[in-house]
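Sequence and predicted model, in that order:
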Amino acid sequence: RFNSTSANKPYYVTTPIFYPNSVPHIGHLHSLVVADVFARYARISRPVQGVHFMTGTDEHGLKIQQAAKAKGFDPQSFCDQLSQHFRNLVSKANISHTRFSRTTERDHHEAVEYLWRELDTKGLIYKDMHEGWYSISDECFYTDTQVTHVTADGQDYHISTETGSKVEWTQEENYKFRLSAFRESLLEHFKNHPMAVYPEQFHAEVVATLSGTLADLSVSRPRSRLSWGIQVPNDPEHTIYVWIDALTVYLSATGYPWKSDKSVGKKAFWPPNLQIIGKDILRFHAIYFPAILQALGLPLTQQLLTHSHWTVDKRKMSKSVGNVADPLQAIDELGLDAVRYYLARVGGRFKDDVGAYQHSAKHASSQLTPPDCEAATLLKTLRDDDQGLARIVDRHMQNLELADALDRIMDTLSKVNTLLTNTAPWGRDVPAETVAETHAITLETLRICAILLQPVIPDKAGELLDALGIPKDQRMTEYAALGHGQVGAITPGVCLFTLPKTATRG
Ligand code: ME8
């Protein structure tokens, strides 16, 4: 899948940068955990290249300007406070990011101005009258075909058919980016790279969009309407469109434009190996951003992993709606690794996603049926070959199927549990040989599974590896097979999970 240059480049993974218009919810933590699992997996499976992992907050735009005003704060101090909530979540959730970017930072600001000038110099930006349906909540224009007329409480208004957000007819003079000039080259790119957008239904959506007509993109707003943002270079009347500002963060987080002594070496991180996004922001990441990159002559993101939304009563969980589940409370009540596991497992099956993850306190726990298990079958699973667990997990991870990877690991643990229960080596009449064999296989399975579970439940997997006496330098995936490492001095009596106070059965 990867060509040789990409296999050797440092691994770069990103989450979206979050609007700090309110405190984070479970949906944000989900994106963070998914990105973190891939970052951690890269560290243990390709340790030589290094990993860069960016997350952060998207602080400019009308949405933030209005949220700050409503609370009586100036936008900067409002963002300072709310960005801190995202930073706290990231640290509490043990997210292993290497950069937390804020779009109000100086170097980002300079990168956006630089990028604008580059596009302008190439003749890709021009001034034009623009009219369309603008949604403040989605921070974008929609066309007539993308909106629906509704009447509610005796009032007539229009909403975006896709997101349901209210839109208003807006007419103004804007700068535009010649997006249309990139339609064909983008179409070709995505046709040639079936894994560039995953899962398949979103890839198909991108190809369909690019197969139609593509209008140029409005990339500025009048300063009079939007003051909270980066000014268009040499034009104090205009503010750069927040999405252009926001998307540039993926570049600025690696030191773009790579001019200073400090940043020049970081160009090696470009392009991202993997970008995690919610399906609502696909168009920005799969059409606008790649067009900008092509305009700049930079390579495009290798894989865009698009996940569905966590919903409450069939509505997208959202800060603007306020129907949110608090991730910090979940972590306090259930323990961090339990929450991480839940988000990775339930929200980690992307390919046959039904389009939404139902967030419910009564979510069914894993329904694995205990398989029949013999020692020989289990030993086969642990071998270092194509049918061995570590290689199967690796294939699932390369294919971005996190839930499948987890199921294989949990299935193996379930098998060893059955073996142990059936053999009952603590019984009186069990031959010494069987006791020794069961003991060895059980520990070896735990060692291998703990190595593979580190990306998802780093604390608990670490505790288990410590208890098994596995040295720190033998926790890479290359050790996750029979004969590639061994259990050391065991600490007895270690209990990894206790039932949380609030847990109910049923
Ligand atoms: O869109 N379920 O920010 P944002 C799952 N600033 N994931 C969800 C979710 C839900 N209900 N709600 C949010 C923005 N997310 C822009 C992005 S990137 C250059 C700029 C996750 O705070 C999902 O990954 O509204 C979504 O894409 C992300 O949070 C950002 O949401």
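Received, thanks.

Which phi and psi values does the residue of the stretch 201-350 of the chain found nearest the ligand adopt?
Going by CB to the nearest ligand atom, the ligand is nearest to G278 of the stretch 201-350 of the chain, at 2.8 Å. Where you see a C-beta, it was placed from the backbone N, CA and C, and this is true even at glycine. Phi and psi for G278, reported as degrees, to the nearest 10, are phi -80, psi 150.

residue contacts, it?
Contact analysis of G278 by CB atoms under 8 Å, 6 or more residues apart in numbering lists 16, 27, 31, 306-309.

Can you narrow these down to the ones near the ligand?
16, 27, 31, 309 (CB under 6 Å from any ligand atom).

now, which of those sits nearest the ligand?
G27 (2.5 Å).

Validate this expectation: the closest one resides in a strand.
No - with DSSP: H, G, I helix; E, B strand; the rest coil as the criterion, G27 is helix rather than part of a strand.

thought it was touching S308?
No - with contact defined as CB atoms under 8 Å, G27 does not count as touching S308 (9.9 Å).

the more surrounded of those two?
More crowded of G27 and S308, by other CB atoms under 10 Å: G27, with 26 against 21.

any low-confidence regions in the protein?
1-7, 352-356, 358-372, 500-506 (pLDDT under 70).

Can you name the residues of it that neighbour the ligand?
Counting by CB under 6 Å from any ligand atom, the residues of the chain near the ligand are 16-19, 27-28, 30-31, 58, 246-247, 249, 277-278, 280-281, 309-310, 316-318.

Filter these down to the ones in helices?
Of the residues of the chain next to the ligand, the ones assigned to helices by DSSP state H are 27-28, 30-31, 246-247, 249.

Go through the ones next to the ligand among the contacts of G278 and say which is closest to T381.
Nearest to T381 out of these is S31 (CB to CB; 31.7 Å).

show me what contacts that closest one?
15-16, 276-278, 307.

hang on, T412 packs against R447?
No - if you go by CB under 8 Å, T412 and R447 don't touch, sitting 11.7 Å apart.

give me the number of residues near L382?
22.

Would you state the helices of the stretch 101-250 of the chain in chain order?
With helices called from DSSP state H, counting those that start in this stretch, the stretch 101-250 of the chain shows them at 106-121, 183-192, 200-211, 242-247, 249-252.

Burial check on the closest residue to T148 other than its chain neighbours, number of neighbours?
Nearest non-adjacent residue to T148, counting by CB to CB, 6 or more residues apart in numbering: T161, 4.8 Å away. Look at T161: counted by other CB under 10 Å, it has 12 neighbours.

Distance-wise, check T161 relative to K63.
20 Å (CB to CB, to the nearest Å).

circling back: just checking, which of the contacts of S31 belong to strands?
Under the assignment DSSP state E, these contribute 15-16, 276-278, 307 to strands.

Now flag whichever of those is closest to T213.
I277 (24.2 Å).

wait, that closest one sits on Q303?
No - I277 is not in contact with Q303 according to CB under 8 Å; the separation is 11.0 Å.

Where does the stretch 351-500 of the chain get nearest to the ligand, which residue?
Counting by CB to the nearest ligand atom, the stretch 351-500 of the chain gets nearest to the ligand through Y357 (7.0 Å).

Let me see the contact set for that residue.
30, 308-311, 346-347.

again, but for A215
Applying CB under 8 Å, 6+ apart, the residues contacting A215 are 143, 179-180.

Need the buried ones from those residues selected in PyMOL.
Remark: buried members of the contacts of A215, expressed as a PyMOL selection using 16 or more other CB atoms under 10 Å:
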select buried, resi 179
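
JSON lines please, covering the contacts of A215 and showing distance to I287.
Output for the contacts of A215, formatted as JSON lines (distance: CB to CB, whole Å):
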{"residue": "T143", "distance to I287": "14"}
{"residue": "L179", "distance to I287": "8"}
{"residue": "S180", "distance to I287": "11"}
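
Go ahead and confirm P199 touches T306.
Yes - with contact defined as CB under 8 Å, P199 reaches T306; the gap is 7.0 Å.

The two: who's more crowded?
T306 (25 against 21).

Next step: the contacts of A215 restricted to strands.
Among these, no member falls in strands (DSSP E).

just checking, G488 touches P471?
Yes - using CB under 8 Å, G488 is in contact with P471, at 7.1 Å.

Which one's more surrounded, the two?
With neighbours defined as other CB under 10 Å, G488 and P471 compare such that G488 has more, 14 against 10.

wait, is the more buried one part of a strand?
No - read with three-state DSSP, G488 is coil and lies in no strand.

who's in contact with it?
468-471.

Of those, which count as buried by neighbour count?
Among those, the ones that count as buried (16+ other CB under 10 Å) are 468, 470.

Dump the contacts of G488 into CSV; add secondary structure and distance to N422 as well.
Listed next are those as CSV, based on DSSP: H, G, I helix; E, B strand; the rest coil; distance: CB to CB, whole Å:
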residue, secondary structure, distance to N422
L468, coil, 23
G469, coil, 27
I470, coil, 27
P471, coil, 32
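
So which residues of the stretch 251-400 of the chain form helices?
So, for the stretch 251-400 of the chain - with DSSP H, counting those that start in this stretch - the helices run 282-283, 289-296, 327-334, 336-346, 375-381, 389-398.

okay, those in JSON lines with mean neighbour count next?
Below are the helices of the stretch 251-400 of the chain laid out as JSON lines (neighbours: other CB atoms under 10 Å):
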{"stretch": "helix 282-283", "mean neighbour count": "17"}
{"stretch": "helix 289-296", "mean neighbour count": "20"}
{"stretch": "helix 327-334", "mean neighbour count": "17"}
{"stretch": "helix 336-346", "mean neighbour count": "21"}
{"stretch": "helix 375-381", "mean neighbour count": "15"}
{"stretch": "helix 389-398", "mean neighbour count": "20"}
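
No further questions, thank you.
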